[in-house]
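Engineer: Sequence unavailable; structure follows:
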């Protein structure tokens, strides 16, 4: 995958034709997070929203292939073209490009997610999978998350961070095949110490299941879990967030573990 | 992430305590592919199956957090402990470790998937996400796919390939943080030219939507698409499969685009 093809986008106010910005999320089109993202992005171009009609958290990179999809124009944001989709965040991106915009947008932003998508959460996150689908399509794409699950979270500091990150991405572009995973600590803007470019921390969820009995006496389970960070590095997203910084991790969809190829070739793979 | 911690497993017939092998898939517990994988794995240890109770293709790394899960013991495979789960392939792995085995298995194998999971398909695949969840848990994990969607596909060549790959993995172990994505061409065993260690090809789906009207005159969509391979390298999984080889791609869940960090640091991230 080539890594030196920078996609530079025109700056606000340039003479080029209008910049089109696609916005999506995984918390659904009525979530406060996407409303704040729309407000933050309006100065940067023409905003179009295609978002799930219901919460789709933890959907990962799921797509809908065994049932059909609905896509309906809705009036949720005054003066902004908005569509709700019955599918996953990745479905939203595919439908947006193919059936709403009929072209690639100039920028895709996903979020602002209610809750962290740092470290291993990038794998489970619908917000980040939408951004990854954008990158696969060749669209400069960014996912934003705020470390606050509350529906009444204060998104004002996050909006300032969104503006800052987007301005920088418009300035320098993104490497082909990469997207950004931006996580914002739950702090007043004055307490945020800065923005750090990081790597994904080596962390995982230790799953736990809450076991219950239904009214017929049959067992059922709720998935819960405990987050464990094994990584002691000070260049990780977890370190940044715990120390009052915004974390920005460049993410790729080439999952090849290139370093492992040599080890695997140490044994014979002859089949006869 | 450390890459030099090889996990060596005891070979068949060794004096160590019995090897436990967890098997899952995304086509559901009744699919022919998992039945063939069970048969191929029996000689390697005690097999336990925890698989979805219905097809879960293209579920990516989705997990179930907004509804509860069922897990029921079933008699599907004679003499083999089998459980069906109402959740996604990743849910199956989490439930298997936590509520069935009460320990990590020594090996996780997922599949045999009906259809390719090569190149970008690794991102959308439930089969591969189950294997990735295994790797996140620290379990040596392999996903197998056969390039044949037919329910009456001939799995005999694939079974021989499974045995070969598993024997090699038991021999040399896997790097920590990596899993294997194994794709098998639709060929008689005698026509398979060999097994190649590959990188993920740079390819994507160009989405297309089949637009229809429901009986009430409202539009709905079916997601389809065309697979496009941009990659001309002869070291990719697509090249191997098109040339009659089995492809083995080492996959990682550290998604950091390390090469992009320097580029991003070329601009100021000061917020005040």
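Structural biologist: All right, it came through fine. Computed from a predicted structure; not experimentally measured. Numbering: from 1, shown residues only, chains lettered A, B, ... in the order given.
Engineer: who does the one helix or strand residue A:211 maps to pair up with?
Structural biologist: When elements are assigned from DSSP states H and E, residue A:211 belongs to strand A:203-213. In the sheet, strand A:203-213 lines up against strand A:219-229 (antiparallel) (DSSP bridges).
Engineer: what's downstream of the partner strand, the next helix or strand?
Structural biologist: Trace forward from strand A:219-229 with DSSP H and E and the next one is helix A:237-242.
Engineer: Can you give me the buried ones in the longest helix seen in chain A?
Structural biologist: Taking DSSP state H as the criterion, chain A has its longest helix at helix A:156-172. Across helix A:156-172, burial judged by 16 or more other Cβ atoms under 10 Å in any protein chain shown covers A:157-162, A:164-166, A:168-170, A:172. To be clear about C-beta, it is placed using only N, CA and C from the backbone, and glycine gets the same treatment.
Engineer: contact partners of the strand holding residue A:211?
Structural biologist: A:119-120, A:219-231, A:238, B:68-69, B:94-95, B:97-99, B:136-137 (Cβ atoms under 8 Å, 6 or more residues apart in numbering or on different chains).
Engineer: how would you label the residue nearest to the spatial centre of chain A: helix, strand or coil?
Structural biologist: For chain A, the residue nearest the mean C-alpha position is residue A:128 (2.6 Å; Cα atoms, centre = their mean). What DSSP: H, G, I helix; E, B strand; the rest coil gives for residue A:128 is helix.
Engineer: For it, give me its contacts.
Structural biologist: A:110, A:117, A:121-122, A:143, A:181, A:251.
Engineer: now do residue A:250
Structural biologist: A:174-175, A:178-181, A:197, B:256-257, B:260-261, B:264.
Engineer: what does residue A:39 give?
Structural biologist: With Cβ under 8 Å, 6+ apart, residue A:39 has these contacts: residue A:159.
Engineer: which SS state does it fall under?
Structural biologist: helix.
Engineer: sorry, back to before: need the contact partners of the longest helix of chain A.
Structural biologist: A:6, A:8-12, A:36-37, A:39-41, A:43-44, A:107, A:109, A:112, A:140, A:142, A:144, A:146, A:180, A:182, A:184, A:187-189, A:192, A:195, A:246, A:248, B:263-264, B:266-269, B:271.
Engineer: and it, how far from the chain's centre?
Structural biologist: 15 Å (Cα atoms, centre = their mean, to the nearest Å).
Engineer: quick check: mean pLDDT across it?
Structural biologist: Computed over helix A:156-172, the mean pLDDT rounds to 97.
Engineer: The helix or strand following it pairs with which strands, and in what direction?
Structural biologist: For helix A:156-172, the following helix or strand on the C-terminal side (DSSP H and E) is strand A:178-184. According to DSSP bridges, strand A:178-184 forms sheet pairs with strand A:141-146 (parallel), strand A:245-252 (antiparallel).
Engineer: Could you list the low-confidence segments of the stretch 1-150 of chain A?
Structural biologist: A:1-16 (pLDDT under 70).
Engineer: Repeat the analysis, applying 50 as the threshold.
Structural biologist: Under the criterion pLDDT under 50, the flagged ranges of the stretch 1-150 of chain A are A:1-5, A:10, A:13, A:15.
Engineer: Show me which residues of it are close to chain B?
Structural biologist: Contact residues, the stretch 1-150 of chain A versus chain B (Cβ under 8 Å from any Cβ of the partner chain): A:1, A:3, A:6, A:55, A:57-66, A:68-71, A:90-91, A:94-95, A:97-99, A:120, A:122-124, A:129, A:132, A:136-137.
Engineer: 7 Å - rerun?
Structural biologist: Proximity of the stretch 1-150 of chain A to chain B, by Cβ under 7 Å from any Cβ of the partner chain, involves residues A:1, A:3, A:55, A:57-66, A:68-71, A:91, A:94-95, A:98-99, A:120, A:122-124, A:129, A:136.
Engineer: if we can go back for a sec, of the contacts of residue A:128, closest to residue A:151?
Structural biologist: When the contacts of residue A:128 are compared for distance to residue A:151 (Cβ to Cβ), residue A:117 comes out closest, at 17.7 Å.
Engineer: Thought residue A:179 was touching the closest one, still the case?
Structural biologist: No. Judged on Cβ atoms under 7 Å, residue A:117 makes no contact with residue A:179 at a distance of 11.9 Å.
Engineer: ranges for the helices of the stretch 1-150 of chain A?
Structural biologist: For the stretch 1-150 of chain A, applying DSSP state H, counting those that start in this stretch gives helices covering A:32-41, A:89-95, A:121-124, A:126-136.
Engineer: Indicate which one of those helices is closest to residue A:151.
Structural biologist: helix A:32-41 (6.3 Å).
Engineer: For that closest one, which residues meet the burial criterion?
Structural biologist: Quick answer for helix A:32-41 (16+ other Cβ under 10 Å): A:32-38, A:40-41.
Engineer: and residue A:82, what does it touch?
Structural biologist: Residue A:82 makes contacts with A:29, A:49, A:74, A:76, as judged by Cβ atoms under 7 Å, 6 or more residues apart in numbering or on different chains.
Engineer: among those, which ones are buried?
Structural biologist: Judged by 16+ other Cβ under 10 Å, buried ones among those: A:29, A:49, A:76.
Engineer: Contacts only, for the first one.
Structural biologist: By Cβ under 7 Å, 6+ apart, the residues touching residue A:29 are A:49, A:51-53, A:74, A:76, A:82, A:84.
Engineer: How about it: what's its closest non-neighbour residue?
Structural biologist: residue A:51 (4.0 Å; Cβ to Cβ, 6 or more residues apart in numbering or on different chains).
Engineer: Now do the closest residue to residue A:50 other than its chain neighbours against residue B:97, distance only.
Structural biologist: Counting by Cβ to Cβ, 6+ apart, residue A:50 lies nearest to residue A:96, which is 3.8 Å off, once chain neighbours are set aside. Distance from residue A:96 to residue B:97, counting by Cβ to Cβ, to the nearest Å: 37 Å.
Engineer: Between those two, tell me which one has more neighbours.
Structural biologist: Neighbours per residue (other Cβ atoms under 10 Å in any protein chain shown) separate residue A:96 from residue B:97, with residue A:96 holding more: 29 against 22.
Engineer: Please tell me I have it right and the more buried one contacts residue A:21.
Structural biologist: No. The criterion here is Cβ under 7 Å, and residue A:96 misses it with residue A:21 at 11.0 Å.
Engineer: how would you label residue A:152: helix, strand or coil?
Structural biologist: Relying on three-state DSSP, one would call residue A:152 coil.
Engineer: if you skip the residues just before and after it, what's nearest to it?
Structural biologist: Residue A:152 sits nearest to residue A:32 (Cβ to Cβ, 6+ apart), 7.9 Å away.
Engineer: Flag every buried residue along stretch A:40-52.
Structural biologist: So for stretch A:40-52, counting by 16+ other Cβ under 10 Å, buried means A:40-41, A:44-45, A:47-52.
Engineer: Now render those as JSON lines, adding distance to residue B:212.
Structural biologist: Formatted as JSON lines, the buried residues of stretch A:40-52 follow (distance: Cβ to Cβ, whole Å):
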{"residue": "A:40", "distance to residue B:212": "37"}
{"residue": "A:41", "distance to residue B:212": "33"}
{"residue": "A:44", "distance to residue B:212": "36"}
{"residue": "A:45", "distance to residue B:212": "33"}
{"residue": "A:47", "distance to residue B:212": "29"}
{"residue": "A:48", "distance to residue B:212": "24"}
{"residue": "A:49", "distance to residue B:212": "24"}
{"residue": "A:50", "distance to residue B:212": "19"}
{"residue": "A:51", "distance to residue B:212": "23"}
{"residue": "A:52", "distance to residue B:212": "21"}
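Engineer: need the contact list for the closest residue to residue A:72 other than its chain neighbours.
Structural biologist: Leaving out its chain neighbours, the residue that sits closest to residue A:72 by Cβ to Cβ, 6+ apart is residue A:84, at 5.6 Å. Neighbouring residues of residue A:84 by Cβ under 7 Å, 6+ apart: A:29, A:51, A:53, A:72, A:74.
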